[in-house]
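Participant: Fold the following, please.
(one chain, ligands or ions: 1)
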Amino acid sequence: MSDNQVFPVTAAASANTHCTKDNYKALYEQSVKDPDAFWGKEAKRLDWITPFTIVKNTDFTGDISVKWFEDGTLNACVNCVDRHLPEKENVTALIWEGDNPDDSVHVTYGDLYEHVCRFANVLKQQGVQKGDRVTIYMPMILEAVYAMLACARIGAVHSVVFGGFSPDAVAGRVLNCESDYIITADEGVRGGKHVPLKANVDEALKQCPNVKSVLVIQHTGGIVGWVEGRDVWYHEAVKSVTADCPAEEMNAEDPLFILYTSGSTGQPKGVLHTTGGYLVWASMTHEYAFDYKDGEIYWCTADVGWVTGHSYIVYGPLANGATSLVFEGIPTYPDASRFWQVCEKHKVNIFYTAPTAIRALMRLGEEPVKKYDRSSIRLLGSVGEPINPEAWLWYYNVVGEARCPIVDTWWQTETGGIMISPLPGAVDLKPGSATLPFFGVQPALVDADGKFLEGAASGNLVITDSWPGQMRTVYGDHERFKQTYFSAYKGLYFTGDGCRRDADGYYWITGRVDDVINVSGHRLGTAEVESALVAHAGVSEAAVVGFPHDIKGQGIYAYVTPPAGVEATEDLRKELVTWVRKEIGPIATPDHIQFAPGLPKTRSGKIMRRILRKIAENEYGSLGDTSTLADPAVVDDLIKNRRNK
Ligand code: 6R9
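Facilitator: Residues are numbered from 1 along each chain as shown. Below is the predicted model of the structure:
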């Protein structure tokens, strides 16, 4: 796409925006030149119990230490709920839209306060104390939000595990953070299908004898197994508690949550976010990137199991006293117009979704979109992966009727919130570009040797200094934190993304440069899928790579070598697909499994993934240098038997 296709900020679009073309630059300069002054002032958007006197204390060298507002105290739940009272007592905080289009509920800030306090008291009754880790494995129901805020209220650290993950994935995460408490529901519902969450927890907990209590929300009324003395129905426990629950005073640097995310090596790591800096970041980015104004209806279609759900369904919008819509369903149920039907029904003003959803809907044509009135929408957002210009233009023209700016927001679980994004009314748009950095964010491009690239260039995206929303460590493994993010380039945070900067200084994220694949906006480590595969008796070796996929962005291509004596049959192939789904979850379903008698390895035994990627991409004409291969003949067999023809 040409760098020159620009959608300029129009006078109408810049009327009354938080930021304008004139002051974006000045504010940005201020934010990076004097972070203490800028963030010292900006952090006052929150209510502090003890005001901080120190703003920034961060070091990207040595042991890597990130602290913001370190002597201040506050409570995140109070900032998201209590402080909006009594003014917003009757203002809607959450709208729940069920999988079934007949189901919806409005919850005011007054109601939210009561629900959260009761939930917090139930947690206390179960024995949860400040600092304890609580695993939340829930469908997209309001109790998922109450549970997160209830943890924050009593100083417990939540670890939300996406409801689509398998029992094994749940177990791994429960064990890793030594979480003794689980909150789940009997079942989830998505696209009319029931998801057996409680049964998955039962299965997972066979590996986790430490777990003391499983709190179960009755959602569908489906039949569930029961372990006496461990399992507790929420609706029964809540009968004996009051709606009075004082909030814990937390230090700004006390942990707020852990969220597991995939990296290029090993099992997912627990990204740790703390209280003060994270909440300042979530709140400010939500207000500015979406240009949020009081009274607006805001809908982020993510799941609370991902960071986008944490920052832009729960913490950012609620810290800002917004009305945030929580959607249980999927874009194509009961039909392909569901998103737009919900927008019409609830008069949504700001709509934030992922490119994979846009691409899937784009294939189904304009008619399902046009069936519903979208005149309430004034801003569109995109997150999770690069949005291809074709999808951007369809989103802009068809969904947004060429009147709504699109904010293409680049960020990561690790960054806590939006890092590179246009600010509505301030930054001209270019389809496919996340445009310019948010306040306080200093991106740079480096080459493989860590040399800074100036002007228009392509390289690896790094951030040169800390911002308040940054992750603080990998839970229980600070070495891994240092190794993953700060070892590639000294003194710089390495994002793992490749990126191009054009002559206007706009950033164009090109995708991961490490062994992470982005399937429908969800991160998966190739190592995770490989270790699931080799755990099967029919696999002696496996190598997994991503390949371009029309809807998912990237698909999963697995090369598998069965052990001697095991036949590479169609049945085995099917079994392996089912196996990976069971081991990790449906999002990790391999698109292609190719049996390979041998994998291309160097003489020192390293798998040459570059070659496997090319074959999966169907570009085997340009394999590059294969002279270092131990056995070049392996490649011919791989090409002959490739699956993605
Ligand atoms: C928020 C979230 C992070 C990775 C990131 C990048 C990709 C996210 C993007 C984008 C291009 C965007 N990514 N947003 N790439 N344009 N607007 O998605 O967090 O799940 O941790 O994924 O997603 O590759 O490094 P997370």
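Participant: Can you check the pLDDT for residue 22?
Facilitator: The model reports residue 22 with a pLDDT of 85.
Participant: what about it, which helix or strand?
Facilitator: Here residue 22, judged by DSSP states H and E, is contained in helix 21-33.
Participant: tell me which parts of this protein are close to the ligand?
Facilitator: Taking C-beta under 6 Å from any ligand atom as the measure of proximity, the chain contacts the ligand at 261, 306-308, 382-386, 408-413, 434, 495-497, 509, 511-512, 518, 521, 523. (Glycine included, C-beta is placed from N, CA and C.)
Participant: Mind checking which of the residues you listed are in strands?
Facilitator: The members of the residues of the chain next to the ligand that map onto strands under DSSP state E are 261, 382, 408, 495-497, 509, 511-512, 518, 523.
Participant: And the pLDDT at residue 2?
Facilitator: pLDDT for residue 2: 65.
Participant: from the stretch 501-645 of the chain, which residue is nearest to the ligand?
Facilitator: Residue of the stretch 501-645 of the chain nearest the ligand, by C-beta to the nearest ligand atom: residue 509 (3.6 Å).
Participant: okay, now that residue: neighbour count?
Facilitator: 20 (other C-beta atoms under 10 Å).
Participant: got it, and residue 481?
Facilitator: 21.
Participant: close enough to count as contact, it and residue 66?
Facilitator: No: assessed by C-beta atoms under 8 Å, residue 481 is found out of contact with residue 66, at 9.6 Å.
Participant: So for those two, which residues contact both of them?
Facilitator: Common neighbours of residue 481 and residue 66, using C-beta atoms under 8 Å, 6 or more residues apart in numbering, are residue 471.
Participant: Verify the stated contact: residue 120 with residue 245.
Facilitator: Yes: applying C-beta under 8 Å, one finds residue 120 in contact with residue 245, separated by 4.4 Å.
Participant: Show me which of these two is the more surrounded one.
Facilitator: residue 120 (29 against 22).
Participant: List the contacts of that one.
Facilitator: 77, 150-151, 153-154, 245 are the contacts of residue 120 under C-beta under 8 Å, 6+ apart.
Participant: what's the spacing between the helix or strand of the chain with the lowest mean pLDDT and its chain's center?
Facilitator: Across the helices and strands of the chain, mean confidence by mean pLDDT, DSSP states H and E is lowest for helix 11-14: a mean of 74. In this view, helix 11-14 has its centroid 31 Å away from the chain centroid, taken as C-alpha atoms, centre = their mean, to the nearest Å.
Participant: residues of it that come out buried?
Facilitator: Neighbour counts over helix 11-14 (16 or more other C-beta atoms under 10 Å) mark 13-14 as buried.
Participant: If we ignore the residues flanking it in sequence, what's nearest residue 247?
Facilitator: Leaving aside its chain neighbours, residue 247 sits nearest to residue 75 (4.1 Å; criterion: C-beta to C-beta, 6 or more residues apart in numbering).
Participant: on that earlier part again, overlap in contacts of residue 120 and residue 245?
Facilitator: Common neighbours of residue 120 and residue 245 (criterion: C-beta under 8 Å, 6+ apart): 153-154.
Participant: Can you tell me the SS state at residue 135?
Facilitator: Secondary structure state of residue 135, per DSSP: H, G, I helix; E, B strand; the rest coil, is strand.
Participant: ok, back up a step: in the helix holding residue 22, which residues are buried?
Facilitator: For helix 21-33, the neighbour count (16+ other C-beta under 10 Å) marks 24, 27-28, 30-32 as buried.
Participant: what do you get for stretch 157-173?
Facilitator: Neighbour-count burial for stretch 157-173, with 16+ other C-beta under 10 Å as criterion, is recorded at 157-173.
Participant: and the residue in the stretch 151-300 of the chain that the ligand sits nearest to, how many residues sit next to it?
Facilitator: Proximity of the stretch 151-300 of the chain to the ligand (C-beta to the nearest ligand atom) peaks at residue 261, 5.2 Å away. Neighbours of residue 261 under the rule other C-beta under 10 Å: 20.
Participant: these two touch, right, it and residue 271?
Facilitator: Yes: the criterion here is C-beta under 8 Å, and residue 261 meets it with residue 271 at 5.4 Å.
Participant: what is in contact with the two at once?
Facilitator: Residues touching both residue 261 and residue 271 (C-beta under 8 Å, 6+ apart): 307, 413-414.
Participant: Tabulate the CA atom coordinates of stretch 347-357 in PDB.
Facilitator: Backbone C-alpha positions of stretch 347-357 (Å, rounded to 0.1, in the frame of the first residue of the first chain) are rendered in PDB as follows:
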ATOM      1  CA  LYS A 347     -26.500   2.500  20.100                       C
ATOM      2  CA  VAL A 348     -22.800   1.800  20.300                       C
ATOM      3  CA  ASN A 349     -20.600   4.900  19.700                       C
ATOM      4  CA  ILE A 350     -17.100   3.400  19.700                       C
ATOM      5  CA  PHE A 351     -16.400  -0.100  18.300                       C
ATOM      6  CA  TYR A 352     -13.100  -1.900  18.800                       C
ATOM      7  CA  THR A 353     -12.400  -5.300  17.200                       C
ATOM      8  CA  ALA A 354      -9.700  -7.400  15.500                       C
ATOM      9  CA  PRO A 355      -8.700  -7.600  11.800                       C
ATOM     10  CA  THR A 356      -9.500 -11.300  11.700                       C
ATOM     11  CA  ALA A 357     -13.100 -10.600  12.500                       C
END
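Participant: Contacts for it next, please.
Facilitator: Outside stretch 347-357, the residues that touch it by C-beta under 8 Å, 6+ apart are 290, 292, 296-302, 308, 312, 325, 331, 339, 342-343, 376-388, 391, 399, 409, 520-521, 551-553.
Participant: again with stretch 636-645
Facilitator: With contacts defined as C-beta under 8 Å, 6+ apart, stretch 636-645 is touched by 547, 557, 559, 591-598, 600, 611-612, 615-618, 620.
Participant: just the buried members of the residues you listed?
Facilitator: With burial judged by 16+ other C-beta under 10 Å, the buried subset of these is 547, 557, 559, 591-596, 600, 611-612, 615-617, 620.
Participant: Report the buried residues of stretch 252-267.
Facilitator: Neighbour-count burial for stretch 252-267 [16+ other C-beta under 10 Å]: 252-263, 265, 267.
Participant: picking up where we left off before, would you agree the residue nearest to residue 247 is in contact with residue 150?
Facilitator: No: checked against C-beta under 8 Å, the pair residue 75 and residue 150 is beyond contact range at 11.8 Å.
Participant: Show me what the helix holding residue 22 packs onto, helices and strands only.
Facilitator: In terms of contacts (3 or more C-beta pairs under 8 Å, 6 or more residues apart in numbering; DSSP states H and E), helix 21-33 is packed against helix 35-42.
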